[in-house]
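Visitor: what's the 3D shape of this:
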Amino acid sequence: MLNEYIAYKIQEIQEKTYVKTVLILSSMSTISVITSGIALVTNPLLKYLAIVTLTIGIAMSYITLRQGENKIRKVLINFTREPLVQRYFAVLKDLYSPRNYFDKLISEPLIDDIVVRAERKNIEASTPLFRAKYRALKNRARIVIFATSFAVTVPHIMVTKDFIFGIIILIVLLLGKNKLS
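Guide: Predicted structure coming up:
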């Protein structure tokens, strides 16, 4: 049962991380495209602002993925500290009544016996599955990052013939990929 709760928490964190990544990339790429379009009409130097905007969006998406990974790691390492998990162990052991649960929780924050060890063993056994889920999230987010960058960079290069834009974005993507791995 606790295994399912941890899996639910991790899935929730993954979904939030993915949505944040997509929102950051979509907003920054839209701003980059608008800036690039304005640069075509008004000032050609604004195209470098488009590069900076897209680069910031890519960097922010990598940071968001890293934060999601850290949250998942905290859930896996410190799952017994959550109040819901402690209540779960207390009910399994029939040690606490609901009325004085919080008083005893303060005086005895750690409940460690056979039940806790068995649940901990189940979660530790499931940890590789949780890691595989997170790797799938990272791969999915990488695909979104590369596709968004490609969709913004290629039209810009075709219209302005500015290959520096493409080279800079490629370098940022490669640096981010190496840092995320």
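Visitor: okay, Gln11: pLDDT?
Guide: Looking at Gln11, its pLDDT stands at 86.
Visitor: Same check on Thr80?
Guide: So Thr80 comes in at 71 (pLDDT).
Visitor: neighbours around it, how many?
Guide: 18 (other Cβ atoms under 10 Å). Using the backbone N, CA and C atoms, a C-beta is placed for each residue, glycine as well.
Visitor: same thing with Ile77?
Guide: Close neighbours of Ile77, defined as other Cβ under 10 Å, add up to 10.
Visitor: Leaving aside the residues adjacent along the chain, what's closest to Ile38?
Guide: Nearest non-adjacent residue to Ile38, counting by Cβ to Cβ, 6 or more residues apart in numbering: Leu46, 5.7 Å away.
Visitor: In the protein, spot the helix with the most residues.
Guide: Counting residues, the longest helix found in the chain (DSSP state H) is helix 114-160.
Visitor: which other helices and strands contact it?
Guide: For helix 114-160, the contact count by 3 or more Cβ pairs under 8 Å, 6 or more residues apart in numbering; DSSP states H and E identifies helix 2-41, helix 47-77, helix 83-93, helix 163-180 as packing neighbours.
Visitor: Quick one: distance of that helix to the chain centre.
Guide: Chain-centre distance of helix 114-160: 7 Å, with Cα atoms, centre = their mean, to the nearest Å.
Visitor: If you average the pLDDT over that helix, what comes out?
Guide: The average pLDDT for helix 114-160 rounds to 75.
Visitor: Now do it against helix 163-180, angle only.
Guide: Going by axes from the mean of the first three to the mean of the last three Cα atoms, to 10 degrees, helix 114-160 is angled at 170 degrees with respect to helix 163-180.
Visitor: got the angle between helix 114-160 and helix 47-77?
Guide: Using the same axes, to 10 degrees: helix 114-160 against helix 47-77 is 170 degrees.
Visitor: per-residue pLDDT, the residue nearest to Ile38?
Guide: Leu46 carries a pLDDT value of 81.
Visitor: Thr55 and Val144, how far apart?
Guide: Per Cβ to Cβ, to the nearest Å, Thr55 is found 16 Å from Val144.
Visitor: neighbour-wise, which of those two wins?
Guide: Between Thr55 and Val144, counting by other Cβ under 10 Å, Thr55 is the more crowded of the two (19 against 16).
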